[in-house]
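Trainee: Below are the sequence and a predicted model for it; my questions follow.
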There are 2 protein chains.
Amino acid sequence: MARPRKSEHNREQLLELGASLFMEKGYSGAGIKEILGTVGVPRGSFYNYFESKEQYAAEVIRHYTDRMATQIETYVSTANEPPMKIIENIPSMIMAVAEESGCQGCLMGSLAGEIAANSELCRQAMLEGMSRWRTGFEELFAEAQSSGEMRADLSAAALVELFWNQWQGALLKMQIEDNTEALESSFADFLLLIRA
Amino acid sequence: MARPRKSEHNREQLLELGASLFMEKGYSGAGIKEILGTVGVPRGSFYNYFESKEQYAAEVIRHYTDRMATQIETYVSTANEPPMKIIENIPSMIMAVAEESGCQGCLMGSLAGEIAANSELCRQAMLEGMSRWRTGFEELFAEAQSSGEMRADLSAAALVELFWNQWQGALLKMQIEDNTEALESSFADFLLLIRA
């Protein structure tokens, strides 16, 4: 495999570090200068890669949700377990990817409150992330319904929406309580609600 | 009733306007100058009322969650309806208070992602808000369980946690989708999950 050009490498690094930066400081609080120093990229080069901080943030959201989605999709498609068992394992998968990125929580959930209403670019990137979440999970939930493991009085699509809401809300609570314990127990409780 | 002193009046106005300001612009993006102009308060007076922007934000969170909680508690204690019916009506109550404050969504949910990790003062104010939410709803949920309307295989406390998560997640989604319709339908779906 050809070694990536240095500029591509730097762009990738900026995207990688962006997730933890925005998660930690928020959009407005994140200083581009700080991240340029960490990667060792001059300000001029940054604006070769990205038109603006806003466009950079949208790309970071895309980069982060893509990686998250790819890991989950790979796991779901190769796991040799009943659908409900796979669903049970999703949160620990998500948390592992988040930790790899130096993040505690979900970048999308953390940024949405601050910038969804102020940046159409970022809002679009979040919408794409949500759409991929939906597509990825609907089939799995439908399988769990077909196998009789999951209640079927609501559509798979409706249950996936509740799953997303539940997960994002639990992450918010984790940030407020500064405690990860409730995340696991509330997910287990939610699974009880959706079991057949 | 004695007319409040002008300084008290101004402090109250600053707290009132803070909710919509922080909700719209986020914590870092919110300019104190802007809000001082709206209320007509000089910068020096602001620092008589509040030690810092951070302390102001914490007070705004308290002010907002207090008002929300008081309205809900009044409704719950005076409503002459079965517990589950009362629970069904909570979201429209919450949305009405939010609209009165010029807010779309929940101030706590919107700010948590940005500042819970960066401001201990604000995090404490959010914790108090969550604690009041819990206390307010646990009794109501327990009544719904006793009357046989709500499933009882999870504790009332656990179901209140899921309700909070669900609500906050749905508000985040509302901000990303810029659409309030899904909020109502997902709440109705959630109620189906917790019915007996």
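Mentor: In hand now; what should we look at?

Trainee: what's near enough to touch A:Lys173?
Mentor: A:Ala182, A:Leu183, A:Ser186, B:Met130, B:Glu161, B:Trp164, B:Asn165, B:Gln168 (C-beta atoms under 8 Å, 6 or more residues apart in numbering or on different chains). Every C-beta, even on glycine, is put in place using the N, C-alpha and C of the backbone.

Trainee: Also A:Ser45?
Mentor: Residues near A:Ser45 by C-beta under 8 Å, 6+ apart: A:Ser7, A:Asn10.

Trainee: do the same with A:Gly18
Mentor: Contacts of A:Gly18 by C-beta under 8 Å, 6+ apart are A:Ile35, A:Tyr56, A:Ala57, A:Glu59, A:Val60, A:His63, A:Tyr64.

Trainee: Could you grab the helix/strand/coil label for it?
Mentor: helix (DSSP: H, G, I helix; E, B strand; the rest coil).

Trainee: pLDDT at it, what is it?
Mentor: We have a pLDDT of 88 for A:Gly18.

Trainee: got it, and A:Gly105?
Mentor: The model reports A:Gly105 with a pLDDT of 68.

Trainee: same question, A:Ala116
Mentor: 83.

Trainee: does the closest residue to it other than its chain neighbours belong to a helix or a strand, and which?
Mentor: Nearest residue to A:Ala116 in three dimensions, chain neighbours excluded: B:Gln175, at 4.2 Å (C-beta to C-beta, 6 or more residues apart in numbering or on different chains). Per DSSP states H and E, B:Gln175 falls inside helix B:156-177.

Trainee: Any buried residues in that helix, and which?
Mentor: By neighbour count with 16 or more other C-beta atoms under 10 Å in any protein chain shown, helix B:156-177 contains the buried residues B:156, B:158-177.

Trainee: can you give me the helices for chain A?
Mentor: A:6-29, A:32-39, A:43-49, A:53-78, A:83-100, A:107-115, A:120-146, A:156-177, A:181-194 (DSSP state H).

Trainee: I'd like those as JSON lines, with distance to B:Gly44 appended.
Mentor: Below are those laid out as JSON lines (distance: least, C-beta to C-beta, whole Å):
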{"stretch": "helix A:6-29", "distance to B:Gly44": "25"}
{"stretch": "helix A:32-39", "distance to B:Gly44": "32"}
{"stretch": "helix A:43-49", "distance to B:Gly44": "37"}
{"stretch": "helix A:53-78", "distance to B:Gly44": "33"}
{"stretch": "helix A:83-100", "distance to B:Gly44": "44"}
{"stretch": "helix A:107-115", "distance to B:Gly44": "29"}
{"stretch": "helix A:120-146", "distance to B:Gly44": "37"}
{"stretch": "helix A:156-177", "distance to B:Gly44": "33"}
{"stretch": "helix A:181-194", "distance to B:Gly44": "43"}
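
Trainee: residues contacting the residue nearest the centre of chain A?
Mentor: Central residue of chain A (C-alpha atoms, centre = their mean): A:Thr65, 4.4 Å from the mean position. If you count contacts by C-beta under 8 Å, 6+ apart, A:Thr65 has them with A:Leu107, A:Met108, A:Ala125, A:Met126, A:Glu128, A:Gly129, A:Arg132, A:Trp133.

Trainee: The residue lying closest to A:Glu184 once chain neighbours are set aside: how many residues sit nearby?
Mentor: Of all residues not flanking A:Glu184 in the chain, A:Pro91 sits nearest, at 7.0 Å (C-beta to C-beta, 6+ apart). Residues lying near A:Pro91 (other C-beta atoms under 10 Å in any protein chain shown) number 19.

Trainee: can you check the one 3 residues further on too?
Mentor: Counted with other C-beta under 10 Å, the burial measure for A:Ile94 works out to 16 neighbours.

Trainee: For stretch A:189-196, give me every contacting residue.
Mentor: Contacts of stretch A:189-196 (C-beta under 8 Å, 6+ apart): A:84, A:87-88, A:145, A:148-152, A:159, A:162-163, A:166, B:151, B:153-154, B:158-159, B:161-162, B:165, B:193-194.

Trainee: cutoff 7 Å now
Mentor: A:88, A:148-151, A:159, A:166, B:153-154, B:158, B:162, B:193-194 (C-beta atoms under 7 Å, 6 or more residues apart in numbering or on different chains).

Trainee: And these, which is closest to A:Glu100?
Mentor: A:Glu100 lies nearest to A:Glu88 out of these, by C-beta to C-beta, at 20.9 Å.

Trainee: separation between that closest one and chain B?
Mentor: 16 Å (C-beta to the nearest C-beta, to the nearest Å).

Trainee: same deal with A:Ser155?
Mentor: For A:Ser155, the distance to chain B - C-beta to the nearest C-beta - is 9 Å.

Trainee: And for A:Thr180?
Mentor: 13 Å.

Trainee: do A:Met95 as well
Mentor: According to C-beta to the nearest C-beta, A:Met95 stands 16 Å off from chain B.

Trainee: A:Met84 now?
Mentor: Counting by C-beta to the nearest C-beta, the gap from A:Met84 to chain B is 16 Å.

Trainee: mind listing what that residue touches?
Mentor: Residues counted as contacts of A:Met84 (C-beta under 7 Å, 6+ apart) are A:Ala144, A:Glu149, A:Met150.

Trainee: Skipping adjacent residues, who's closest to the second one in space?
Mentor: It stands for A:Glu149. Nearest one to A:Glu149, counting by C-beta to C-beta, 6+ apart, is A:Met84 at 4.0 Å.

Trainee: Verify the stated contact: A:Gln175 with B:Leu111.
Mentor: No: using C-beta atoms under 7 Å as the test, A:Gln175 is too far from B:Leu111 to be in contact (10.2 Å).

Trainee: Find the residues that touch each one of these two.
Mentor: Common neighbours of A:Gln175 and B:Leu111 are not found (criterion: C-beta under 7 Å, 6+ apart).

Trainee: any idea how far A:Asn118 is from A:Ser28?
Mentor: To A:Asn118, A:Ser28 is 9 Å away according to C-beta to C-beta, to the nearest Å.

Trainee: what about chain A, any weak spots by pLDDT?
Mentor: Within chain A, the segments meeting pLDDT under 70 span A:1-6, A:101-105.
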